[in-house]
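Student: structure of the sequence below:
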Amino acid sequence: MMENSQFERLLLVCQNRTCKKQGSAKVLAAFQTFDIPNIAVEKSGCLGKCGNGPMVLVLPEEVWYSHVHIDEVSAVVEKHLLGVKVPFLNLRSNE
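Tutor: I've put the predicted structure just below:
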């Protein structure tokens with residue numbers, strides 16, 4: 001459990017310049033529509049992965065999601081946050 005928190009996990013959505021240009025405000029809003037038990041959904045500053053955004057980070061397990069689109073938010077919620085943990089999921093492939 002995270003220190004000084006009522007939540008077990010924290011989901012951060014970068015709202016810095018580059019991620020914002022790539023649609024992170026809509027991604028954050030999409031995550032906030034879900035009632036996810038024991039998980040806080042918050043905006044963050046730069047997560048240090050500029051150019052791969054919108055970036056999402058799930059703590060404390062440090063699972064990163066890159067190039068997240070609003071249409072993919074429900075998959076992250078259902079498959080990771082409410083279901084099976086995944087070590088890494090790149091939602092957008094460069095292939």
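Student: what mean pLDDT would you report for stretch 75-92?
Tutor: Stretch 75-92 carries an average pLDDT of 72.
Student: before we move on, which element is Leu57 in?
Tutor: Using DSSP states H and E, Leu57 sits in strand 56-59.
Student: can you list the strands that that strand pairs with?
Tutor: strand 9-14 (antiparallel), strand 63-65 (antiparallel) (DSSP bridges).
Student: deepest-packed of the ones you listed, please.
Tutor: Stretch with highest mean neighbour count among the strands paired with strand 56-59: strand 9-14 (a mean of 22; mean count of other C-beta atoms under 10 Å). Just so you know, the C-beta spots here come from the backbone N, C-alpha and C atoms, and that holds for glycine as well.
Student: any idea how far that one is from the chain center?
Tutor: 5 Å (C-alpha atoms, centre = their mean, to the nearest Å).
Student: after it, which helix or strand is next?
Tutor: Assigned by DSSP H and E, the successor of strand 9-14 is helix 17-21.
Student: please name every helix or strand in contact with the longest helix belonging to the chain.
Tutor: In the chain, taking DSSP state H as the definition, the longest helix is helix 24-32. Applying 3 or more C-beta pairs under 8 Å, 6 or more residues apart in numbering; DSSP states H and E, one finds that helix 24-32 makes contact with strand 9-14, strand 39-44, helix 73-76.
Student: out of these, which gets the lowest mean score?
Tutor: helix 73-76 (a mean of 92).
Student: just the CA trace of that helix, in CSV.
Tutor: Presented in CSV, the C-alpha positions along helix 73-76 are these (Å, rounded to 0.1, in the frame of the first residue of the first chain):
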residue,chain,number,x,y,z
VAL,A,73,-8.5,3.7,-21.6
SER,A,74,-11.2,1.1,-20.9
ALA,A,75,-8.8,-1.7,-21.9
VAL,A,76,-6.2,-0.5,-19.4
